[in-house]
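Colleague: I would like the atomic coordinates for the input below:
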Amino acid sequence: MAPAPTLAERLAAAPSDSLSVADIVSATGLSESTVRRLTKDPQWPGPAVPDDQGEQRFPREACAAWMRDHQATRINVEELPGADSDRVTITEIANRAGAKRGSISPLPALYKDSNDPFPAADALGTYSWGEVKAWLSRRSGRTGPRGSTEAPAPAEAPTTTPVLDVLTTAMIERLTGRSKEAVKTLVRRPEVADLSSGKVGRSRVWPAATLLPVLWQLGYMPESGPLTTEQTAVLVELGYLPAKGKPTPEQAAVLLEFGYDPKGSVEHRAWLAGPPRTATELAAHYGVTLSAISQRISRAQKAGQAVPHPIETEDGRRYDPKAFDAFWNPPAAR
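Modeller: Numbering: from 1, shown residues only. The predicted structure is shown next:
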């Protein structure tokens, strides 16, 4: 049986010299959301002149060339170690396939709406190695692992904290900046409790790729701007941020999908540049209670940390939103 055409070959065979998002979806079989995400990549070919309806159209040959440069080659599953019955984590998949974890971890989310989605994980966040091998073999995906003509080399001994695939309550405390008791209350909320994948030992765990977007949706993680030192450290451990340097395009795309845009939304930038705000307005903006604002300031003062100075106005005490945001979401140490 002849091998399936690659994404680049499918695009090169498209009937038009310029392609809309719908044309690319039709030619490649990728979901519309995936294609739209690809077209936002900084290196994606620039659009040609919009058509009469104002729809962006991209040069076919440039798109095919981009796919050739970025997509993976097919993998010979006979070369990959391990039994089909093995249950494997994302990290183990990367090690067995001879790929970087950062190229594997986005696949479940990236191909969630595809006609050929990435195999589903079980309650503990592990995957069937047989299903994963078959998927990697037939998929010529942009973010898949590189093909190999040799068996993957043994994984090097880790020199940093091992990459994890699940969140524990201790990690949730670090991500949210909340106390142990506050996190116990948080994880009992139905929208969080129902996502738990069980226990590892005595610790309850959650699939990181499932719970992280919920933490953003509930307002426990900043939508934009700098992350805290602890938030950055946890995301590095999980493989969603690099230990050094800027996130890869794949990492940035996944974080954006979760709800985090480091550059910030127009609304957030407008908030930071806006007039002084009352504590009540700050509480509403950060999705917390008024007492949470007071307690955070009180704890910082007791610890000898710098706190935002209130501005006395005719309408009462207010805070500069930019200064307060730097206090509430302190930048991670570089």
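Colleague: okay, now the unreliable bits of the stretch 201-334 of the chain?
Modeller: Scanning the stretch 201-334 of the chain for pLDDT under 70 picks out 201, 263-266, 330-334.
Colleague: show me where it has strands.
Modeller: 203-207, 311-313, 316-318 (DSSP state E, counting those that start in this stretch).
Colleague: so how far is the first one off the chain centroid?
Modeller: How far strand 203-207 lies from its chain's middle: 18 Å, per Cα atoms, centre = their mean, to the nearest Å.
Colleague: kindly report the same for stretch 299-312.
Modeller: On the basis of Cα atoms, centre = their mean, stretch 299-312 sits 33 Å off its chain's mean C-alpha point.
Colleague: in it, what counts as buried?
Modeller: Neighbour counts over stretch 299-312 (16 or more other Cβ atoms under 10 Å) mark 307-308, 310 as buried. Yep, even glycine has a C-beta here, placed from its N, CA and C like the rest.
Colleague: also stretch 316-334?
Modeller: Residues of stretch 316-334 classed as buried by neighbour count (16+ other Cβ under 10 Å): 318-321, 323-326, 328-330, 332.
Colleague: export it as PDB, just CAs?
Modeller: Taking C-alpha atoms only, stretch 316-334 is exported to PDB below (Å, rounded to 0.1, in the frame of the first residue of the first chain):
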ATOM      1  CA  GLY A 316     -11.300  57.900  49.000                       C
ATOM      2  CA  ARG A 317      -8.300  55.600  48.900                       C
ATOM      3  CA  ARG A 318      -7.300  54.100  45.600                       C
ATOM      4  CA  TYR A 319      -4.400  52.200  43.900                       C
ATOM      5  CA  ASP A 320      -2.500  52.600  40.700                       C
ATOM      6  CA  PRO A 321      -3.700  49.600  38.700                       C
ATOM      7  CA  LYS A 322      -0.300  49.000  37.000                       C
ATOM      8  CA  ALA A 323       1.600  49.100  40.400                       C
ATOM      9  CA  PHE A 324      -1.000  46.900  42.000                       C
ATOM     10  CA  ASP A 325      -0.800  44.400  39.200                       C
ATOM     11  CA  ALA A 326       2.900  44.100  39.600                       C
ATOM     12  CA  PHE A 327       2.300  43.400  43.300                       C
ATOM     13  CA  TRP A 328      -0.600  40.900  42.700                       C
ATOM     14  CA  ASN A 329       1.200  39.100  39.900                       C
ATOM     15  CA  PRO A 330       4.900  39.600  40.500                       C
ATOM     16  CA  PRO A 331       7.200  38.800  37.600                       C
ATOM     17  CA  ALA A 332       9.100  35.500  37.700                       C
ATOM     18  CA  ALA A 333      12.700  35.700  38.500                       C
ATOM     19  CA  ARG A 334      14.900  35.400  35.400                       C
END
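Colleague: where does the stretch 51-200 of the chain have low pLDDT?
Modeller: Along the stretch 51-200 of the chain, segments meeting pLDDT under 70 span 51-54, 70-79, 99-103, 106, 110-114, 123-124, 138-164, 200.
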